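*Asks:* Got a predicted structure here, sequence first:
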Amino acid sequence: MNQLTSKRKTVVMIALMATMFFAAINQTIISSALPGIIAQLGGMEYYSWVITIYMLTSTISTILVGKLSDIYGRKPFILGGILIFLVGTFLIGLSTDIFQMIAFRGIQGVGGGILMSITLTAVGDLYPVQERAKWTGAMMSIFGFSSILGPVLGGVLIDYIAWKWLFWIFLPLGVVAFAMIWRMFPKTTGDGSGSIDFAGSILLAVSISSLLFGFSWAGSKYAWGSPQILGLFATTILGIVIFALVESKAKNPVIPLSLFKNKGVTISLVASFVMSGGMMGAMSYMPFYIQGVQGLSATTSGLFNIPMSIMMIIFSTLVGSWLSKSGNYRLFAVVGLGIMSASMIVMANMGSVTMAAVSLVIFGVGLGFGMTVFTTAAQNSAPASQLGVVTATTTLFRNLGGTIFIAIFGSIMNTSMAKNLGTAISSSAGVDLSTLDAATAASFKEMANPQLLLNKDKFAAIQTAMPQQLQDIFVQMMDMVRTVMGDALSNVFYIGAALLLVGAIVSLFLKVKPVYEEIE
């Protein structure tokens with residue numbers, strides 16, 4: 001695409017940004033609303049799966065399409081991704097139970113994985129290395145803008161109208177994005193070399209699926225040491241070993257193993273993995289603190305994301321510009337991950353909504369530093385002929401990190417709450433049920449459910465209908481549940497902080513080089 005004029009490139013970037021916004025807003029709009037949706041559909045124990053299934057399908061589609069787009073060109077895959085995403089999004093709004101929502105989110109994830117990978121790859125196609133960081137930063141600012149609008153709009157919609165409109169309201173934007181890409185994106189054909197690596201693709205999909213199923217089910221559906229979980233992890237290891245053998249002999253591997261010999265690419269992949277894991281811990285579980293522990297509305301929860309997202313937009317744009325001039329990936333990566341780690345320590349110790357707001361602002365600054373760096377570093381470390389696959393592989397590791405640690409965090413949170421609730425109730429800590437008759441005491445124990453904290457209407461109805469003499473005990477019971485949920489969330493945030501610190505240490509090994517040093 002180097003033959004395009006500067007004006008045409010800008011027009012194409014507008015089309016790509018519209019596509020990015022369509023995919024991103026449909027992700028961020030549910031962040032503050034999802035606890036409320038789950039409360040209506042039921043199945044809080046499957047909460048993490050609504051996120052996990054999207055990450056699973058998007059991860060697989062990302063890596064497979066990345067290589068295919070190197071061969072056949074980007075345009076048909078962007079258009080196909082938009083169509084799949086549109087269908088999945090529409091079907092989600094028709095869900096009548098949690099299992100339908102999970103299935104339709106899987107379809108949406110296929111399209112989302114294609115869009116997020118190909119749009120970032122196209123930036124590398126359009127611009128030389130010295131300009132990529134600037135435009136990648138601009139793309140990340142689009143994601144940041146959606147992070148401002150999405151949670152607030154999601155909170156308002158879930159509080160006041162049917163939740164299906166969270167998914168349907170932006171469907172017209174998807175149609176507009178499709179038309180823009182159809183007309184504006186150039187018809188490139190890729191290098192057209194080689195055949196499709198079907199064996200490697202299947203092995204990769206099986207390995208990723210078994211890995212993510214293992215982490216998602218461990219500690220919730222099955223014990224960590226159960227035959228089912230051990231079998232899934234064994235399948236993952238065996239699949240990876242066979243995959244490596246197949247790829248080493250494949251003429252056109254879906255992931256060239258030579259990528260992992262490239263220090264800049266490898267470090268970027270590892271750092272992206274841990275950054276995404278820590279990020280998902282903060283963004284997915286902060287709404288539980290605001291809505292569950294503090295008892296605020298989903299709308300208010302969405303408003304809390306605005307300062308964080310503003311900081312992310314400002315710093316992702318600034319860092320993109322600074323990085324284009326200096327090429328110092330290491331500095332920006334370490335600073336960003338270090339700030340994010342510090343913010344999660346604040347989250348682990350917050351005792352008020354003010355501390356929650358401060359921690360999110362700090363987190364947004366760090367996120368702005370980190371979001372731009374690793375994709376740019378990986379792209380600039382790889383040959384131009386591998387631009388699609390290296391961008392897709394970076395997205396793959398980012399998705400894997402988010403998916404795996406969402407599952408781990410969910411397991412930690414659920415296990416911690418179940419254990420601590422049982423201990424608190426049996427020891428009468430915070431509430432004494434011994435003065436109640438057996439039937440009433442049993443009903444109170446059933447109400448000691450964190451899901452009730454997230455369903456404000458049901459909570460209010462139960463409290464209003466309760467006899468006056470039991471009101472104080474009910475309040476004490478729910479305060480105990482809030483404490484248990486807060487303690488569980490602290491564990492999640494501490495682990496996220498440690499994970500991000502590991503990423504900062506890994507980033508110390510990134511090479512500092514001029515950004516104009518392009519790999520041939």
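*Replies:* Structure's in. What do you need?
*Asks:* Strands of the stretch 301-450 of the chain, residue ranges please.
*Replies:* With strands called from DSSP state E, counting those that start in this stretch, the stretch 301-450 of the chain shows none.
*Asks:* residue ranges with poor pLDDT in it?
*Replies:* 327, 384-385, 388, 428-434 (pLDDT under 70).
*Asks:* Kindly recompute the last result at 90.
*Replies:* Within the stretch 301-450 of the chain, the segments meeting pLDDT under 90 span 301-333, 351-353, 364, 367-450.
*Asks:* got the contact list for M140?
*Replies:* By CB atoms under 8 Å, 6 or more residues apart in numbering, the residues touching M140 are M312, S316, T317, G320, G368, M371, T372. Heads up, the C-betas are built off the backbone N, CA and C, glycines and all.
*Asks:* in stretch 232-245, what counts as buried?
*Replies:* For stretch 232-245, the neighbour count (16 or more other CB atoms under 10 Å) marks L232, F233, T235, T236, G239, I240, F243 as buried.
*Asks:* Turn these into TSV, including secondary structure, distance to Q27 and pLDDT.
*Replies:* Listed next are the buried residues of stretch 232-245 as TSV, based on DSSP: H, G, I helix; E, B strand; the rest coil; distance: CB to CB, whole Å; pLDDT from 0 to 100:
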residue	secondary structure	distance to Q27	pLDDT
L232	helix	26	93
F233	helix	28	92
T235	helix	29	94
T236	helix	26	92
G239	helix	28	91
I240	helix	28	92
F243	helix	29	90
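*Asks:* tell me which of those residues is nearest to A441?
*Replies:* Within the buried residues of stretch 232-245, the smallest distance to A441 is 40.3 Å, found for L232 (CB to CB).
*Asks:* most neighbours, which of the contacts of M140?
*Replies:* Neighbour counts for those (other CB atoms under 10 Å) peak at T372, which has 34 neighbours.
*Asks:* wait, what's in contact with it?
*Replies:* Counting by CB under 8 Å, 6+ apart, T372 touches A133, T136, G137, M140, S316, V319, G320, L323, F332.
*Asks:* cool, D197 as well?
*Replies:* Contacts of D197 were listed using CB under 8 Å, 6+ apart, and they are K67, V246, E247, A250, N252, P253, V254.
*Asks:* among those residues, which are in helices?
*Replies:* The members of the contacts of D197 that map onto helices under DSSP state H are K67, V246, E247.
*Asks:* count of neighbours near the first one?
*Replies:* To tie it back to what came earlier, the one meant is K67. By other CB under 10 Å, 24 other residues sit near K67.
*Asks:* Likewise for the second one?
*Replies:* V246 is flanked by 18 other residues according to other CB under 10 Å.
*Asks:* The one 5 residues further on now?
*Replies:* Neighbour count of K251, defined by other CB under 10 Å: 8.
*Asks:* What of the one 4 residues further on?
*Replies:* Number of residues near I255 (other CB under 10 Å) recorded here: 25.
*Asks:* pretty sure it contacts L204?
*Replies:* Yes - the pair I255 / L204 is scored as a contact, 7.1 Å apart, by CB atoms under 8 Å.
*Asks:* joint contacts of the two?
*Replies:* I63.
*Asks:* Out of the contacts of D197, grab the one that's most surrounded.
*Replies:* Among these, the one with the most neighbours (other CB under 10 Å) is V254, at 26 neighbours.
*Asks:* so who does that residue touch?
*Replies:* V254 touches I63, L64, K67, D197, G200, S201, L204, E247, V389, counting by CB under 8 Å, 6+ apart.
*Asks:* Mind picking the two most distant members of the contacts of M140?
*Replies:* Longest span within these, CB to CB: M312 and G320, 12.1 Å.
*Asks:* Would you mind listing the two of the contacts of D197 that lie farthest apart?
*Replies:* Largest separation among those by CB to CB: K67 and V246, giving 13.9 Å.
*Asks:* Whichever strand or helix holds A179 - what's its average pLDDT?
*Replies:* Assessed by DSSP states H and E, A179 sits inside helix 171-184. On average, the pLDDT along helix 171-184 is 86.
*Asks:* helices or strands next to it in the packing?
*Replies:* Counting contacts by 3 or more CB pairs under 8 Å, 6 or more residues apart in numbering; DSSP states H and E, helix 171-184 is packed against helix 6-28, helix 75-92.
*Asks:* what bits of the stretch 101-250 of the chain have low per-residue confidence?
*Replies:* Applying pLDDT under 90 to the stretch 101-250 of the chain picks out residues 112-167, 169-170, 173-174, 176-225, 246-250.
*Asks:* And the helices in it?
*Replies:* Assigned by DSSP state H, counting those that start in this stretch, the helices in the stretch 101-250 of the chain fall at 129-160, 165-168, 171-184, 198-217, 227-249.
*Asks:* For the longest one, what is the distance to the chain centroid?
*Replies:* So the one you mean is helix 129-160. 13 Å (CA atoms, centre = their mean, to the nearest Å).
*Asks:* residues of it that come out buried?
*Replies:* 129-159.
*Asks:* pretty sure M275 contacts G402?
*Replies:* No - assessed by CB under 8 Å, M275 is found out of contact with G402, at 9.3 Å.
*Asks:* Compare these two and say which is more crowded by neighbours.
*Replies:* Regarding M275 and G402, a neighbour count based on other CB under 10 Å identifies M275 as having more, with 31 against 27.
*Asks:* Work out for me the element that one sits within.
*Replies:* Per DSSP H and E: helix 263-287 holds M275.
*Asks:* which helices and strands does that helix pack with?
*Replies:* helix 298-326, helix 329-348, helix 353-381, helix 387-426, helix 468-507.
*Asks:* So which of those is nearest K187?
*Replies:* helix 387-426 (16.3 Å).
*Asks:* Run through the residues that contact I208.
*Replies:* With CB under 8 Å, 6+ apart, I208 has these contacts: L56, T59, I60, L400.
*Asks:* again, only using 6 Å
*Replies:* T59, I60 (CB atoms under 6 Å, 6 or more residues apart in numbering).
*Asks:* same question, G366
*Replies:* G336, I339, M340.
*Asks:* if we can go back for a sec, please identify the most buried of the helices and strands packed on helix 263-287.
*Replies:* Neighbour counts (mean count of other CB atoms under 10 Å) averaged over each of the helices and strands packed on helix 263-287 peak at helix 353-381, with a mean of 25.
*Asks:* hang on, L212 packs against G402?
*Replies:* No - contact criterion CB atoms under 6 Å: L212 and G402 do not qualify, at 10.5 Å.
*Asks:* distance of the closest residue to F178 other than its chain neighbours from G124?
*Replies:* With sequence-adjacent residues excluded and distances taken as CB to CB, 6 or more residues apart in numbering, F178 is closest to I82, at 4.6 Å. Distance of I82 to G124, given as CB to CB, to the nearest Å: 20 Å.
*Asks:* Let's have the contacts of G366 in JSON lines, adding distance to L303.
*Replies:* What follows is the contacts of G366, written out as JSON lines (distance: CB to CB, whole Å):
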{"residue": "G336", "distance to L303": "24"}
{"residue": "I339", "distance to L303": "22"}
{"residue": "M340", "distance to L303": "21"}
